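# make a model of this:
(chains A and B)
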Amino acid sequence: MHEWALAEAIITAAQQIAEKEKLSEIREVTIKIGELQQVEREILRFALSQLKPATFKNAQFHITKAKTTLKCRVCGNTWLFSKNKLDEDTAEAIHFVPEVAHAYIKCPKCGSPDFEITKGRGIWLENIKGVR
Amino acid sequence: MDPRTTVINERLSRTGRIIAVSSGKGGVGKSLVATTLALTLSRKGCKVGLFDLDFTSPSTHLIMGVKNVPLKEDKGIIPPGVKGLAYMSLIHFSGDQPTPLRGADISSALIELLAVTQWGKLDFLVIDMPPGISDAVLDLIRLVKRIEFLIVTTPSLLAFETVKKQVRLLQDVKVPIIGVVENMKTSNAENIKHETEKLGTKFLTGIPYDPEVEDAIGDVTRLLKTALAQKISEVVASNITK
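Residues are numbered from 1 along each chain as shown, chains lettered A, B, ... in the order given. Down below sits the predicted model:
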């Protein structure tokens, strides 16, 4: 599954931070997933459990969803992304590459495709905790 | 920290050479050169990927005559096999829809696809770039350690002017340039060749203007019989696979 590739990126990034901060063991990793990318939380959790190296053996993964806010650059309208308004193929396309939202979503107020994803675009590492 | 950038070089670790086909201006035949280069390498028995990085104006799917290719997932996205190439393009996700993207969106989409595409083992990855010196060029330079550039121009000084700037930029940041291809020549004039060599860069070939090429769009068999394909084959033999 595509979530596996994202999990790998999370683990690699967390490892790099741990090395930089000289952490010998990771205890907590907090990950946010923006609703726009529709990442399957449990698939991501499973992939993380399979990919985690020895320094992460006791690590708890906290994965929380974040709302996606879109803002129109033309009229200034702000709205929340909702998957319910999309057909399955469109939702899947955006799941793979969130920026493709610009092909399918328009500002509900003025109809422009020129909007900014101000919050909740994809998947990001919020913080990690460990011991030195 | 953007976690996606941490895995890009791992995704490309089983790829041999990574060649970005770029240009100063649009309309010089960059996508045709990139696609023909990829197909030529593939026909020589190499495992080749083709990545259309011109997200807002993709053309390689038109050149190859492909549409609605289903995607597979296996720990990421597997680029579908198209005409013997592992083929990635935003059109797999945007279809025929106009996809207006600002620079930051292009950069993010590029990073996403580089982070999640499982190319597997390739001898070559050919990247069809958007024209100019902008987000895609800058992102490839910073994110893909082994990137090389092959630059396409036409005889026009208008096209070559930006090529000069692109060459200087790449030389300044020490990114290898395979050379320059002059496309759509209408005479035997050698001024682009001389100007290229003055830049300290190799002039690879001059491709004559060929009306057959437009008629070959969508037909790979016909495309590979054009003079353009013949010239690219010579460049491959003397500069890329030797």
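# show me the contact partners of the longest helix along chain A.
For chain A, the longest helix by residue count, based on DSSP state H, is helix A:2-20. The contact list for helix A:2-20, computed with CB atoms under 8 Å, 6 or more residues apart in numbering or on different chains, reads A:26, A:29, A:31, A:39-40, A:43-44, A:47-48, A:51-53, A:55-56, A:95-96, A:123, A:125, A:128, A:130, B:1-4, B:6-7, B:10, B:73, B:75-77, B:115-116, B:118. No exception for glycine: its C-beta is placed from N, CA and C like everyone else's.
# just the buried ones among the residues you listed, please.
A:26, A:29, A:31, A:39, A:44, A:47-48, A:52, A:55-56, A:95-96, A:123, A:125, A:128, A:130, B:3-4, B:6-7, B:75-77, B:115-116, B:118 (16 or more other CB atoms under 10 Å in any protein chain shown).
# out of these, which sit inside strands?
Those of the buried ones among the contacts of helix A:2-20 mapping onto strands are A:26, A:29, A:31, A:123, A:125, A:128, A:130, B:77, per DSSP state E.
# my guess is the first one contacts A:Ile128. True?
Which is A:Ile26. Yes: the pair A:Ile26 / A:Ile128 is scored as a contact, 6.0 Å apart, by CB atoms under 8 Å.
# got a pLDDT number for the residue nearest to A:Phe81 when sequence neighbours are not counted?
Distances taken as CB to CB, 6 or more residues apart in numbering or on different chains place A:Thr68 nearest to A:Phe81, at 3.8 Å, with adjacent residues excluded. In this model, A:Thr68 is scored at 97, pLDDT.
# neighbours around A:Lys129, how many?
Per other CB atoms under 10 Å in any protein chain shown, the neighbour tally for A:Lys129 reads 12.
# any idea what the nearest residue to it once chain neighbours are set aside is bridged to?
Nearest residue to A:Lys129, sequence neighbours excluded (CB to CB, 6+ apart): A:Glu28, at 4.1 Å. With DSSP bridges as the criterion, A:Glu28 is bridged to A:Gln60, A:Lys129.
# next: A:Glu116.
Counting by DSSP bridges, A:Glu116 is bridged to A:Lys71.
# list the contacts for it?
By CB under 8 Å, 6+ apart, A:Glu116 lies in contact with A:70-71, A:73.
# how near is it to B:Tyr87?
As judged by CB to CB, to the nearest Å, A:Glu116 and B:Tyr87 stand 30 Å apart.
# need the three-state assignment for B:Val152.
In three-state terms, and counting by DSSP: H, G, I helix; E, B strand; the rest coil, B:Val152 is strand.
# so what pLDDT did it get?
97.
# shaky segments in chain A?
Confidence mapping of chain A against pLDDT under 70 gives the ranges A:1.
# again, only using 80
A:1-2 (pLDDT under 80).
# which bits of it sit near chain B?
Residues of chain A that fall close to chain B, judged by CB under 8 Å from any CB of the partner chain: A:1-2, A:4-6, A:8-10, A:12-14, A:16-17, A:93-94, A:96-100, A:102-104, A:113-114, A:121-125.
# nearest to chain B, of the contacts of A:Glu116?
A:Arg73 (8.6 Å; CB to the nearest CB).
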